[in-house]
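A.B. asks: Got a predicted structure here, sequence first:
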Amino acid sequence: MAPTDFADAEWDKKLRDGARKEQERQDRIAKKNMENSLPPNGVKTTALPRPNSYMPPDIQIPKPYGSFQPFKPSEPGANMRHIAKPKP
């Protein structure tokens, strides 16, 4: 039994802190291993991979898009609610 209620609460806090520190240590080790597995000049990015050429099924030769390259439009911003919709 704990000598006081305060000592019992303090012991629980120390156990929680120890578990948290151990988890953070494991996370740091995992992050370090992931960074070491990247190529030397590897770039981390969150962008979607975009093709710069496509292969027609009949000739199987890469053909550049040229001036008609497809694009992915960005998401509309928050200020779009202030712009009136066009009326046909």
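C.D. replies: In hand now; what should we look at?

A.B. asks: Give me the below-cutoff pLDDT ranges for this structure.
C.D. replies: Residues of the chain meeting the criterion pLDDT under 70: 42, 49-57, 59-67.

A.B. asks: how about the strands in it?
C.D. replies: Assignment of strands within the chain using DSSP state E yields the ranges 53-54, 63-64.

A.B. asks: quick one: the nearest residue to L48 once chain neighbours are set aside from A78, how far?
C.D. replies: In space, and not counting its chain neighbours, L48 is closest to K72: 7.4 Å by CB to CB, 6 or more residues apart in numbering. (Glycine included, C-beta is placed from N, CA and C.) Distance check for K72 against A78: by CB to CB, to the nearest Å, it reads 20 Å.

A.B. asks: The residue nearest to L48 - how many residues pack around it?
C.D. replies: 7 (other CB atoms under 10 Å).

A.B. asks: distance of P70 from T45?
C.D. replies: Using CB to CB, which is the criterion applied here, P70 is 20 Å from T45.

A.B. asks: go on, K87?
C.D. replies: As defined by CB to CB, K87 lies at a distance of 41 Å from T45.

A.B. asks: the more surrounded of those two?
C.D. replies: Neighbour totals were compared for K87 and T45, and T45 leads with 7 against 4 (other CB under 10 Å).

A.B. asks: From D27, how far out is that one?
C.D. replies: Relative to D27, T45 is positioned 21 Å away (CB to CB).

A.B. asks: same check, this time on L15
C.D. replies: When distances are taken as CB to CB, L15 and D27 turn out to be 19 Å apart.

A.B. asks: how far away is P88 from S74?
C.D. replies: With distances defined as CB to CB, the gap from P88 to S74 amounts to 24 Å.

A.B. asks: Apologies, that question was intended for R20.
C.D. replies: Using CB to CB, which is the criterion applied here, R20 is 39 Å from S74.

A.B. asks: Looking at those two, which is more packed in?
C.D. replies: Set side by side, R20 and S74 give different neighbour counts by other CB under 10 Å, the larger being at R20 (10 against 6).

A.B. asks: Any idea how many residues pack against the nearest residue to D8 once chain neighbours are set aside?
C.D. replies: If the residues on either side of it in the chain are set aside, D8 comes closest to A2, at 3.8 Å by CB to CB, 6+ apart. Around A2 there are 11 other residues, counting by other CB under 10 Å.
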